[in-house]
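Engineer: Here is a sequence with its predicted model. Questions after.
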Amino acid sequence: MTSNSKYLGFLFVILGFLFLMDNLNVFTINWSLYIILTGLLLVIVYFLKKELVIFLLPGTMLLIYGILFLYCASTDWQNMVRLWPVLFIAPGIGFLLLYFLKNREPIYSVPGILLIVFGALFFVRKMAYIKFWPIVLIVFGIVYLVRFYQNKEKS
């Protein structure tokens with residue numbers, strides 16, 4: 001067994017202990033706290049052993065999703081109608097964390113930025129005071145298409 005198994009073992013022991021205490025009614029934990037705790041444990045594992053980069057992205061996502069679900073569960077899920085773009089933003093933040101904490105490789109920054117931008121666009125898409133912002137997307141799309149066809153003609 002590798003030394004990485006130690007961290008996975010700790011993760012299972014902690015989660016198992018929490019599940020057992022909940023099943024024995026020692027204390028009751030809101031289901032979204034399990035998601036938060038799992039995400040937090042994955043992030044802690046990364047910070048304890050930097051080689052385990054694979055834990056950072058799902059840890060970040062679970063942490064953010066857990067916070068979102070905890071908030072929505074406490075407000076009877078009424079706000080999920082507006083907050084669902086967080087489902088795009090959470091992995092975007094995870095990718096950007098990978099970018100900043102892992103040698104600044106662009107393979108992580110590009111999907112991170114795209115997911116955060118898409119999430120932000122979905123947040124602002126219905127705001128009345130910036131009703132015509134989709135025109136910016138149309139212009140960007142046209143610019144990319146023109147460049148594509150210009151480069152295609154050159155080659």
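Structural biologist: All right, it came through fine.

Engineer: Only alpha carbons, please: show stretch 78-94 as PDB.
Structural biologist: Coordinates of each C-alpha in stretch 78-94 appear next as PDB, following Å, rounded to 0.1, in the frame of the first residue of the first chain:
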ATOM      1  CA  GLN A  78     -37.200  28.800  -3.300                       C
ATOM      2  CA  ASN A  79     -33.900  30.400  -4.200                       C
ATOM      3  CA  MET A  80     -32.600  27.600  -6.300                       C
ATOM      4  CA  VAL A  81     -34.500  29.100  -9.200                       C
ATOM      5  CA  ARG A  82     -32.000  32.000  -9.100                       C
ATOM      6  CA  LEU A  83     -28.900  30.200  -7.700                       C
ATOM      7  CA  TRP A  84     -28.600  27.200 -10.100                       C
ATOM      8  CA  PRO A  85     -25.800  28.900 -12.100                       C
ATOM      9  CA  VAL A  86     -23.600  28.000  -9.000                       C
ATOM     10  CA  LEU A  87     -23.600  24.500 -10.500                       C
ATOM     11  CA  PHE A  88     -21.400  25.900 -13.300                       C
ATOM     12  CA  ILE A  89     -19.400  28.200 -11.200                       C
ATOM     13  CA  ALA A  90     -18.300  25.600  -8.600                       C
ATOM     14  CA  PRO A  91     -16.300  23.400 -11.000                       C
ATOM     15  CA  GLY A  92     -14.900  26.600 -12.600                       C
ATOM     16  CA  ILE A  93     -13.600  27.700  -9.200                       C
ATOM     17  CA  GLY A  94     -12.100  24.200  -8.700                       C
END
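
Engineer: contacts for it?
Structural biologist: Outside of stretch 78-94, the residues within contact range by CB atoms under 8 Å, 6 or more residues apart in numbering are 56-61, 64-65, 68, 71-72, 111-120, 122-123. C-beta coordinates here come from the backbone N, C-alpha and C atoms, glycine included.

Engineer: Against Val136, how distant is Gln150?
Structural biologist: Distance from Gln150 to Val136, counting by CB to CB, to the nearest Å: 21 Å.

Engineer: in the chain, which spans are helices?
Structural biologist: 4-23, 31-48, 56-74, 80-83, 86-101, 106-124, 134-154 (DSSP state H).

Engineer: Need the ones you listed in a markdown table (columns: mean pLDDT and mean neighbour count).
Structural biologist: Listed next are these as a markdown table, based on pLDDT from 0 to 100; neighbours: other CB atoms under 10 Å:
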| stretch | mean pLDDT | mean neighbour count |
| --- | --- | --- |
| helix 4-23 | 81 | 13 |
| helix 31-48 | 89 | 18 |
| helix 56-74 | 95 | 19 |
| helix 80-83 | 90 | 13 |
| helix 86-101 | 94 | 20 |
| helix 106-124 | 90 | 15 |
| helix 134-154 | 83 | 9 |
